[in-house]
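Peer 1: structure of the sequence below:
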Amino acid sequence: MRKVFVLAVWAFISLCVVAIITLPVNLQTQLIASLLIVTLMAIIKLVDAGGRWRLIALAFGTAVVLRYVYWRTTGTLPPINQPENFIPGFLLYLAEMYSVMMLALSLFVVAMPLPPRPSRAATPGDYPKVDVFVPSYNEDASLLANTLAAAKGMDYPAEKLRVWLLDDGGTLQKRNSTNLVEAQRATARNLELQKLCTDLGVRYLTRDRNEHAKAGNLNNGMSHSEGDLIAVFDADHAPARDFLLETVGYFEDDPRLFLVQTPHFFLNPDPLERNLRTFEKMPSENEMFYGIIQRGLDKWNAAFFCGSAAVLRRKALEDTSGFSGKSITEDCETALALHGRGWNSVYVDRPLIAGLQPATFASFIGQRSRWAQGMMQILMFRFPLFEGGLTIPQRLCYMSSTLFWLFPFPRTIFLFAPLCYLFFDLQIFTASGGEFMGYTLAYLVVNLMMQNYLYGSFRWPWISELYEYVQTVHLLPAVVSVVLNPRKPTFKVTAKDESIQESRLSEIGRPFFVVFIVLFVALLVTAYRVYTEPYKADITMVVGGWNLLNLIMAGCALGVVSERGEKAASRRVKVSRRCEFSTGERWYPATIEDVSANGARIQVYGLAKDDLSVEARTEIRFEPFAGDGAIEILPMAVRNVEVTGDITAVGCRFLPEVARHHSLVADLLFANSRQWSEFQHKRRGNPGLVRGTVWFLWLAFYQMGRGLIYFFRSLGSSRKEARGVR
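Peer 2: Coordinates of the predicted model:
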């Protein structure tokens, strides 16, 4: 009886909503209603009302969105007997409906996400056996050494922990290649990594053939190991000491739990953050996914495996014959298969690993192309809406995650739709300037406000649009190719630990300048048409404003593809660790101020600048987190010296000579996970819609100028090279 009553209430509310959004009103009433709703949402946001008030604000915003959808569907489409107008007009309509659908799915997923889960330590004396897999393909030994040392140094009973390097770069297939250079490199790599693993106390494992990419590599590791749980870390994802203690305990609570996923925290900025210089000030792109979306998915038991920084139950993986390899995104596909078999997942919102992001724009696009193509394969091979065994909320969650990667299509349409009117006078959106203000502008403002409600301190205004735009130019052909041939894409490893020695334009950046020029010409056409056709000025101004917004976004993107020179991909992390600094036989009291994968900056008390020379060998000694109180010594080389009063700041480069030295570097950089949480929280803050928009406009105009300077500088360099060739 209670269920019938609840259904009746929902049916009544739905009828009321339908009546409201279809109510015929004049334009003045629509403008007043839109203004009142925007004002109410702003007041609720300003007083920082959460809980039910947050849902009320989102409900009001949803009403405006639905009102717009109704008006857009019934009153703005061009006549079907005018194909030159109707076809592009209908494509624009479909792009808008896709955006509305994704907003609806986002509301379902993250309207009220789970709060961060409390710490769940494993029961002492009842620790499960854990195999740690570090799959590798072409990464340098020095990068792998830090990751393996950090994994080996995790705080966990040694007899219950086994670390494996799964090397797909030294397979028998590669060592016996007919390409002599490839064969010699694979053989040398195989020998080098075997020695490294022996020194670190880690197991080395390769296989005969490179089949099924990363999924096949992980499954080969499963066939040679026997731990109850499997922890997976990418080659550049080093865990903190407390990673296992913070994750394995959840498996005690639920025998049907297959996954505990943790966020991916990165020490270096992605190309947008580096080139726009926002890494220290603004939340990273991935924080919206790991800080909000995964918690929302977790609410519906749909948090999925992200390929690294996770622990999985072996018994569950055996239920699906190991890691899935039908698509090139084996992580999400594996989670989808296991959720479909009734297994559960948990998301722990605390950074417990630190890794590296692609440093160049080309590598960034390569990584995102693989993600997009893999998600399209999942959408086509295993269409989540009809996947057996999933709950309805899980179906919606997976549809949200996969359908998101169709964004290049609507983004392209939104980019070029204004040009249909400005260049060709096509009427693809039949509305007056006043109707645009009352419906479209209200919808756009409310949409931005709802995004700010959902992702406020994790994603600043217009940043999502920028990320999607800079990816669209190159992801569109990648997505089209997988739609036409779903089995064509192959797994490509993302380049790691790159560096850009000199400032330059990205090798794939030229299309952005072409788009910018086209949009700038359209701006000039807007001014011309307003002057020559004053009777159409209202429509021309509206479409021109839309084009101007696209131009501002395109201008900001010019700064994204103008790569700033930076010698190292890895950023320094503040650590504040006490140590002693050596010059010859004398030891000075010191503090390790910050540290990177390659070196450290040390504050030394009482040391004279003349006592040191650049490239001089020195040492520090300190007590590791992963020790029993013993003091360890780490060799270094001096890079630079700066004296301020009694303190001498010494920049040093690590000189690891034995495996233990790699363990000490890993201890300094990765052992303490609290430093990563503190860094994330320091740059989280919601500037609000107005202040965030003003900031973005300033950023866009500055980056537009910087991008044009890089462009003309590159043209000058090209001419000089051409003259040199002659």
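Peer 1: what about residue 460, neighbour count?
Peer 2: Here the count is done by other Cβ atoms under 10 Å, and residue 460 has 27 residues near it. Bear in mind the C-beta positions are built from the backbone N, C-alpha and C, glycine included.
Peer 1: can you list the domain ranges for the chain.
Peer 2: The chain breaks down by automatic domain parsing into domains covering 25-111+358-566, 130-269+304-356, 573-682.
Peer 1: deepest-packed of those, please.
Peer 2: Sort these by mean neighbour count, taking mean count of other Cβ atoms under 10 Å, and domain 130-269+304-356 sits at the top with a mean of 21.
Peer 1: ends of that domain, what's the gap?
Peer 2: Taking Cα to Cα, to the nearest Å as the measure, domain 130-269+304-356 stretches 25 Å from start to finish.
Peer 1: and the domains of the chain: which comes nearest residue 708?
Peer 2: domain 25-111+358-566 (6.5 Å; Cβ to Cβ).
Peer 1: and for residue 285, the neighbour number?
Peer 2: Each residue near residue 285 was counted by other Cβ under 10 Å, and the total is 18.
Peer 1: picking that back up, including mean pLDDT, could the domains of the chain go into CSV?
Peer 2: Output for those, formatted as CSV (pLDDT from 0 to 100):
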stretch, mean pLDDT
domain 25-111+358-566, 90
domain 130-269+304-356, 93
domain 573-682, 87
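Peer 1: mind putting those domains in TSV, distance to residue 295 included?
Peer 2: Output for these, formatted as TSV (distance: least, Cβ to Cβ, whole Å):
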stretch	distance to residue 295
domain 25-111+358-566	8
domain 130-269+304-356	6
domain 573-682	14
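Peer 1: please name whichever of those is nearest to residue 118.
Peer 2: Of all the domains of the chain, domain 130-269+304-356 sits nearest to residue 118, with 9.6 Å by Cβ to Cβ.
Peer 1: select the longest helix from the protein.
Peer 2: In the chain, with assignment by DSSP state H, the single longest helix is helix 689-725.
Peer 1: measure residue 421 to residue 540 for me?
Peer 2: Computed with Cβ to Cβ, to the nearest Å, the distance linking residue 421 and residue 540 is 8 Å.
Peer 1: quick one: closest of the domains of the chain to residue 706.
Peer 2: Residue 706 lies closest, by Cβ to Cβ, to one member of the domains of the chain: domain 25-111+358-566, at 5.0 Å.
Peer 1: as CSV, could you dump the C-alpha coordinates of stretch 616-635?
Peer 2: The C-alpha coordinates for stretch 616-635 follow below in CSV (Å, rounded to 0.1, in the frame of the first residue of the first chain):
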residue,chain,number,x,y,z
ALA,A,616,80.1,18.4,-5.6
ARG,A,617,79.1,15.1,-4.0
THR,A,618,77.4,15.3,-0.7
GLU,A,619,75.1,13.2,1.6
ILE,A,620,72.0,13.6,3.8
ARG,A,621,71.0,11.4,6.6
PHE,A,622,67.5,11.1,8.0
GLU,A,623,65.0,8.7,9.6
PRO,A,624,62.7,7.1,7.0
PHE,A,625,59.0,6.7,7.6
ALA,A,626,59.4,3.1,6.7
GLY,A,627,62.1,2.4,9.3
ASP,A,628,62.5,1.3,12.9
GLY,A,629,64.3,4.5,14.0
ALA,A,630,67.5,3.8,12.2
ILE,A,631,69.2,6.7,10.3
GLU,A,632,69.8,6.2,6.6
ILE,A,633,72.2,8.0,4.3
LEU,A,634,71.3,9.1,0.7
PRO,A,635,74.1,10.4,-1.7
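Peer 1: that one: how far from the chain's middle?
Peer 2: Put simply, stretch 616-635 sits 35 Å off its chain's centre (Cα atoms, centre = their mean, to the nearest Å).
Peer 1: what comes into contact with that stretch?
Peer 2: Here stretch 616-635 makes contact (Cβ atoms under 8 Å, 6 or more residues apart in numbering) with 153, 155, 241, 577-583, 587, 590, 592, 600, 602, 612, 636-638, 650, 652, 654-657, 660-661, 663-665, 667-668, 671-672.
Peer 1: quick one, strands of the stretch 51-200 of the chain?
Peer 2: Under the criterion DSSP state E, counting those that start in this stretch, the stretch 51-200 of the chain carries strands at the ranges 130-136, 161-167.
Peer 1: any chance of the ones you listed in a markdown table with distance to residue 445 as columns?
Peer 2: As requested, the strands of the stretch 51-200 of the chain are arranged in a markdown table below (distance: least, Cβ to Cβ, whole Å):
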| stretch | distance to residue 445 |
| --- | --- |
| strand 130-136 | 46 |
| strand 161-167 | 50 |
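Peer 1: can you list the residues that contact the helix or strand hosting residue 217?
Peer 2: Using DSSP states H and E, residue 217 sits in helix 213-223. Helix 213-223 is contacted from outside by 131, 133, 135, 164, 166, 168, 205, 207, 210, 212, 230, 232, 307, 314, 317, 322-325, 328, 330, 334, 490-491, using Cβ under 8 Å, 6+ apart.
Peer 1: in helices, which of those residues fall?
Peer 2: Among those, the ones falling in helices (DSSP H) are 314, 317, 330, 334.
Peer 1: which two of those have the greatest separation?
Peer 2: So, the ones in helices among the contacts of helix 213-223 by Cβ to Cβ: farthest apart are 314 and 330, at 16.3 Å.
Peer 1: which residues in the stretch 451-600 of the chain form strands?
Peer 2: With DSSP E, counting those that start in this stretch as the criterion, the stretch 451-600 of the chain has strands at 504-505, 562-563, 573-583, 586-595, 599-605.
Peer 1: save the ones you listed as a markdown table, and put in distance to residue 456 too.
Peer 2: Formatted as a markdown table, these follow (distance: least, Cβ to Cβ, whole Å):
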| stretch | distance to residue 456 |
| --- | --- |
| strand 504-505 | 34 |
| strand 562-563 | 29 |
| strand 573-583 | 26 |
| strand 586-595 | 30 |
| strand 599-605 | 34 |
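Peer 1: among those, which is nearest residue 680?
Peer 2: Closest approach to residue 680 among the strands of the stretch 451-600 of the chain (Cβ to Cβ): strand 573-583, 11.9 Å.
Peer 1: which residue is nearest the centroid of this protein?
Peer 2: residue 286 (3.1 Å; Cα atoms, centre = their mean).
Peer 1: residue 273 contacts residue 283, doesn't it?
Peer 2: No - assessed by Cβ atoms under 8 Å, residue 273 is found out of contact with residue 283, at 9.9 Å.
Peer 1: more crowded one of the two?
Peer 2: Taking neighbours as other Cβ under 10 Å, residue 273 and residue 283 compare with residue 283 leading, 23 against 20.
Peer 1: what about that one, which SS state?
Peer 2: Of the three states, residue 283 takes coil according to DSSP: H, G, I helix; E, B strand; the rest coil.
Peer 1: just residue 393 next, same as before
Peer 2: Following three-state DSSP, we place residue 393 in the helix state.
Peer 1: ok so, going back, quick one: closest of the strands of the stretch 51-200 of the chain to residue 572.
Peer 2: Set against residue 572 and scored by Cβ to Cβ, the strands of the stretch 51-200 of the chain come closest in strand 130-136, at 24.0 Å.
Peer 1: distance between the helix or strand hosting residue 274 and the chain's centre?
Peer 2: Here residue 274, judged by DSSP H and E, is contained in helix 271-276. Mean-position distance between helix 271-276 and its chain equals 13 Å (Cα atoms, centre = their mean).
Peer 1: helix or strand next in line after it, which one?
Peer 2: helix 285-288.
Peer 1: residues touching the residue nearest to the centre of the chain, list them.
Peer 2: Here residue 286 is in contact with 263, 264, 266 (Cβ under 8 Å, 6+ apart).
Peer 1: hey, where'd the strands end up in the stretch 201-350 of the chain?
Peer 2: So, for the stretch 201-350 of the chain - with DSSP E, counting those that start in this stretch - the strands run 203-205, 229-232, 238-239, 257-261, 265-266, 310-313, 344-347.
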